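Asker: need a 3D model of the sequence below.
(chains A, B, C, D, E and F)
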Number of protein chains: 4
Amino acid sequence: MPAVNSQPRRARSGNQRDEAARLAVLHAADDLLVEHGFAKLTIEAIARQAGVAKQTIYRWWPSKVEILLDTLIEDSEKRFAVPAEKSTEDVIRGYFRGYARFVTRDPAGKVLLALIAEAQHNPGTAKSLHDRYLGPRRELERDLLTRGTEAGEVSPRLDLDAAIDAVVGPIVYRALTGANVPRALVDALFDGQLKP
Amino acid sequence: MPAVNSQPRRARSGNQRDEAARLAVLHAADDLLVEHGFAKLTIEAIARQAGVAKQTIYRWWPSKVEILLDTLIEDSEKRFAVPAEKSTEDVIRGYFRGYARFVTRDPAGKVLLALIAEAQHNPGTAKSLHDRYLGPRRELERDLLTRGTEAGEVSPRLDLDAAIDAVVGPIVYRALTGANVPRALVDALFDGQLKP
Amino acid sequence: MPAVNSQPRRARSGNQRDEAARLAVLHAADDLLVEHGFAKLTIEAIARQAGVAKQTIYRWWPSKVEILLDTLIEDSEKRFAVPAEKSTEDVIRGYFRGYARFVTRDPAGKVLLALIAEAQHNPGTAKSLHDRYLGPRRELERDLLTRGTEAGEVSPRLDLDAAIDAVVGPIVYRALTGANVPRALVDALFDGQLKP
Amino acid sequence: MPAVNSQPRRARSGNQRDEAARLAVLHAADDLLVEHGFAKLTIEAIARQAGVAKQTIYRWWPSKVEILLDTLIEDSEKRFAVPAEKSTEDVIRGYFRGYARFVTRDPAGKVLLALIAEAQHNPGTAKSLHDRYLGPRRELERDLLTRGTEAGEVSPRLDLDAAIDAVVGPIVYRALTGANVPRALVDALFDGQLKP
DNA sequence: TATTAATCGAGACGGTACGTCATGTCTTTTA
DNA sequence: TAAAAGACATGACGTACCGTCTCGATTAATA
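Answerer: Sure, this is the predicted structure:
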């Protein structure tokens, strides 16, 4: 059964990890999740879609969760990075708007929702999700808000983590329950928690 | 493989649905979820644990999600009902405190988290969860808040659904990510959204 | 992937073992061995060819060796039974001629050679082959020769097992090494060992 | 995973074939066959055991059968050569006694049995076994017996190949079926076929 | 004294088959 | 007619080897 993606691909590079295979797996996982849902996201299907041997997947990823984390981390960085420099009110507000857009309208955001979901079923997923995604990102978010607070741009009503959860929580919860998250709602949450 | 739960049980009742079998399935599902996690919650395992034939499960429930919804609805009603009468500030505040307790500390609350999770993987689950649980409950929550607003006990900053999500969202999000939800946090959310 | 053998087949018979499935497996094993050789005789291929689930095979046979033993026992009985009644010289001589024909010219005889071969690779196969085929058959052969000796029809030069091996050994050895076994050779072995 | 056999070994010899690697492979194959049986005799296991890269094996041997043939030919020559000079009755009788000892009691004899077995599963093996082992050896055996016949030391009842098979066949057959081959049996076969 | 060419260990790769498990459907037997 | 029992086709799981390949290192013969 040949690869589904058609480009010539594959300059097999001997002893070294094959970057083309790595990308094929990540894209296949992404595609399958978006097109057919998590239930159809099996290792066999990924291998089939990517034109890759199952063993190649098992060699590099301990589970499909880690594959999804890899795609999530890459996609998040591109579409949804935590601003590392400026901490003005508008930048911070824009970050949360971007968050809402990511989890409700960007196909890549489905990966985050799927991983939060999977973490309920599987303690290992929970740990990986925290260690590799939620934890590091939260660190950056805290930095962002700390800098904003010091600059007098924002002023959280609650302790930092609680304040972030008070904004992010409703966004994610609505995404998980299939509701939309209009920009006005994000702004209201932001104003309520960070601009009082 | 005989039933795990030991009582003699089962006066097989021919013509009528066997209530003992129904209860055995619900308890088995609950037990398995709490003790071994969602991953081990298979139809086969439920049948084994309940000492029931698979077909008996398939006859009465279209999927294991509906089994869990049955247990969730029963358990919610017992431990976590939406107050139908009084709508004082304290009652409403108490309701959200109960919500937080349910999803973070009550084993039965794990069922709700598991169903929210499963809904990400499976559109049918999403529909059932809304139609049978989230929707009806939200209706009651809206009533509760409406009565509270009319009585001048609370005064939501946002439209009703958004206001409820602004309180429930952070609670559920923290539960989903394994964080605790101290009573003080619930109170702060409540005060911020409903008492301004 | 549908069954290869085409008849409508399969009136699935619920609680009871499905005889059609059993036969389909035996025939598929036989066919594959004869047409493609032992190397292609995998459980997956048998399942495919028989239009049967792998699990159905694993449910009833501990290994493909036992499948082959089943076919060998049935086929041997039909084509190559040990004469149970008469023990005249001609009957006994005819038996050994039949033996030679079976292992060198009958496709079903390939199964015996394959099992002797597999027994070298696998102690479990060796045990099964003895317990289910070689042992019982040797018992009957000993009876046959004992009756023949008592009737004065034959007179073995060696003890019974050695005498039988002195005739059967060359036949099987030549079959295993791809040589033919002409009738005259069988007769010469018979005359040399049993008619001196 | 380092080599299992411990000596420092291997002064990698650049341009030339590495004799140490060749021997390591042969010994590893022998060891694995004797200690763990044919089933565990995989190319990967040989490479592991020998501390050699798989490619080194594939470079020099087309299959593991050829490896075994190499060891068999060397070991046969040492322990079990066809007498090239004298052809007295005792020498010939001794040869067959040695044959029996080799296939039933010498670990190296297991290799011959394994190859006869493998030849049933694989036509390529059958050809190699004949071309490189059975054929040349049979040639020598015919010479031996021819010289013995001319010297009046033996007098076969059958044509040469049949006579040899009438002695060797029972020996090998009993070895294949796990029976012992006492010296007296060899002598009886020898006397019956070659001394009448 | 470089350069070339073949060897070696290592190990990634696309595959096939393994034996196990859960799915949802079906049938028989028992009460 | 409900329920226990369990056979069945389907298909994913994670593992083991297959035979091919490409690397970087080593070493002998050649230029």
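Asker: if I look at A:Pro170, how far off is B:Ser76?
Answerer: Applying Cβ to Cβ, to the nearest Å, the value for A:Pro170 to B:Ser76 is 21 Å. All C-beta atoms are positioned from the backbone trio N, CA, C, and that covers glycine.
Asker: more neighbours: which of the two?
Answerer: A:Pro170 (32 against 19; other Cβ atoms under 10 Å in any protein chain shown).
Asker: that one: helix or strand, and which one exactly?
Answerer: Here A:Pro170, judged by DSSP states H and E, is contained in helix A:160-176.
Asker: any idea how far that helix is from the middle of the chain?
Answerer: Relative to the centre of its chain, helix A:160-176 is centred 15 Å away, using Cα atoms, centre = their mean, to the nearest Å.
Asker: state the mean pLDDT of that helix.
Answerer: Across helix A:160-176, the average pLDDT comes to 98.
Asker: count of neighbours near A:Thr104?
Answerer: Around A:Thr104 there are 19 residues (other Cβ under 10 Å).
Asker: residues in contact with it?
Answerer: Neighbouring residues of A:Thr104 by Cβ atoms under 8 Å, 6 or more residues apart in numbering or on different chains: A:Ile171, A:Arg174, A:Ala175, A:Asn180, A:Val181.
Asker: ok so, going back, other SSEs contacting the next helix or strand after the helix holding A:Pro170?
Answerer: Using DSSP H and E, the helix or strand that directly follows helix A:160-176 along the chain is helix A:183-194. Judged by 3 or more Cβ pairs under 8 Å, 6 or more residues apart in numbering or on different chains; DSSP states H and E, helix A:183-194 is in contact with helix A:89-105, helix A:160-176, helix B:160-176, helix B:183-194.
Asker: the next helix or strand along the chain from the first one and DNA strand F in contact?
Answerer: So that's helix A:89-105. Remark: after helix A:89-105, the chain's next helix or strand is helix A:109-121, criterion DSSP H and E. No: applying Cβ under 7 Å from any atom of the strand, one finds helix A:109-121 separated from DNA strand F by no less than 12.5 Å.
Asker: export stretch A:122-129 to PDB, keeping only CA atoms.
Answerer: Once non-C-alpha atoms are left out, stretch A:122-129 reads as follows in PDB (Å, rounded to 0.1, in the frame of the first residue of the first chain):
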ATOM      1  CA  ASN A 122      -4.700   8.400  30.300                       C
ATOM      2  CA  PRO A 123      -2.400   9.600  33.100                       C
ATOM      3  CA  GLY A 124       0.600   9.400  30.900                       C
ATOM      4  CA  THR A 125      -1.000  11.800  28.500                       C
ATOM      5  CA  ALA A 126      -1.800  14.100  31.300                       C
ATOM      6  CA  LYS A 127       1.900  14.200  32.400                       C
ATOM      7  CA  SER A 128       3.200  14.700  28.900                       C
ATOM      8  CA  LEU A 129       0.700  17.400  28.200                       C
END
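Asker: does it come close to chain B?
Answerer: Yes: against chain B, stretch A:122-129 shows contacts by Cβ under 8 Å from any Cβ of the partner chain at A:Asn122, A:Pro123, A:Ala126.
Asker: run a quick neighbour tally on the first one.
Answerer: Residue neighbour count, defined by other Cβ under 10 Å, stands at 18 for A:Asn122.
Asker: can you give me the pLDDT of the closest residue to it other than its chain neighbours?
Answerer: Of all residues not flanking A:Asn122 in the chain, B:Ala39 sits nearest, at 5.8 Å (Cβ to Cβ, 6 or more residues apart in numbering or on different chains). In this prediction, B:Ala39 carries a pLDDT score of 88.
Asker: now B:Ala39: how far from B:Gly192?
Answerer: 37 Å.
Asker: now do A:Ser155
Answerer: 14 Å.
Asker: give me the more crowded residue out of those two.
Answerer: Between A:Ser155 and B:Gly192, B:Gly192 has the larger neighbour count (other Cβ under 10 Å), namely 19 against 13.
Asker: I'd assumed A:Ala163 was in contact with the more buried one.
Answerer: No: judged on Cβ atoms under 8 Å, B:Gly192 makes no contact with A:Ala163 at a distance of 10.2 Å.
Asker: tell me, what's touching these two both at once?
Answerer: By Cβ under 8 Å, 6+ apart, the residues touching both B:Gly192 and A:Ala163 are A:Arg157, A:Gln193.
Asker: just give me the neighbour total for A:Asp143.
Answerer: 15.
Asker: before we move on, the earlier item: B:Trp61 is nearest to which of the helices and strands packed on helix A:183-194?
Answerer: Checking these against B:Trp61 by Cβ to Cβ gives helix A:160-176 as the closest, at 23.7 Å.
Asker: for the closest one, packing partners?
Answerer: So helix A:160-176, by 3+ Cβ pairs under 8 Å, 6+ apart, packs with helix A:89-105, helix A:109-121, helix A:135-150, helix A:183-194, helix B:107-121, helix B:160-176, helix B:183-194.
Asker: can you pull the contacts of A:Trp60?
Answerer: A:Arg17, A:Arg22, A:Val25.
Asker: of those residues, closest to D:Thr88?
Answerer: Looking across the contacts of A:Trp60 and measuring by Cβ to Cβ, the closest to D:Thr88 is A:Arg17, at 68.0 Å.
Asker: next, that closest one: secondary structure please.
Answerer: Assigned with DSSP: H, G, I helix; E, B strand; the rest coil, A:Arg17 falls in the coil class.
Asker: phi and psi next, for it.
Answerer: A:Arg17 has phi and psi values of phi -60, psi 140 when expressed as degrees, to the nearest 10.
Asker: contacting residues around it?
Answerer: Contacts of A:Arg17 (Cβ under 8 Å, 6+ apart): A:Trp60.
Asker: quick one: it from A:Trp61, how far?
Answerer: A:Arg17 is 12 Å from A:Trp61, by Cβ to Cβ.
Asker: same question, A:Glu85
Answerer: Distance of A:Glu85 to A:Trp61, given as Cβ to Cβ: 33 Å.
Asker: the two: who's more crowded?
Answerer: Per other Cβ under 10 Å, whichever of A:Glu85 and A:Trp61 has more neighbours is A:Trp61, with 20 against 7.
Asker: per-residue confidence at the more buried one?
Answerer: For A:Trp61, pLDDT reads 97.
Asker: so the residue lying closest to A:Lys195 once chain neighbours are set aside, which of the three states?
Answerer: Excluding its sequence neighbours, the residue lying closest to A:Lys195 (Cβ to Cβ, 6+ apart) is A:Val154, at 6.4 Å. Of the three states, A:Val154 takes coil according to three-state DSSP.
Asker: A:Val154 reaches A:Asp191, doesn't it?
Answerer: No: using Cβ under 8 Å, A:Val154 and A:Asp191 do not qualify as a contacting pair, with a distance of 10.1 Å.
Asker: these two: which has the busier surroundings?
Answerer: Just comparing A:Val154 and A:Asp191: by other Cβ under 10 Å the higher neighbour count belongs to A:Val154, 23 against 14.
Asker: quick one: residues contacting the more buried one.
Answerer: When contacts are taken as Cβ under 8 Å, 6+ apart, A:Val154 is in contact with A:Ser87, A:Glu89, A:Ile92, A:Leu145, A:Gly148, A:Leu194, A:Lys195.
Asker: dump those to a markdown table, plus pLDDT, distance to D:Ala114 and neighbour count.
Answerer: Formatted as a markdown table, these follow (pLDDT from 0 to 100; distance: Cβ to Cβ, whole Å; neighbours: other Cβ atoms under 10 Å in any protein chain shown):
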| residue | pLDDT | distance to D:Ala114 | neighbour count |
| --- | --- | --- | --- |
| A:Ser87 | 93 | 74 | 21 |
| A:Glu89 | 96 | 80 | 16 |
| A:Ile92 | 97 | 74 | 24 |
| A:Leu145 | 97 | 72 | 22 |
| A:Gly148 | 96 | 76 | 21 |
| A:Leu194 | 93 | 77 | 24 |
| A:Lys195 | 86 | 81 | 15 |
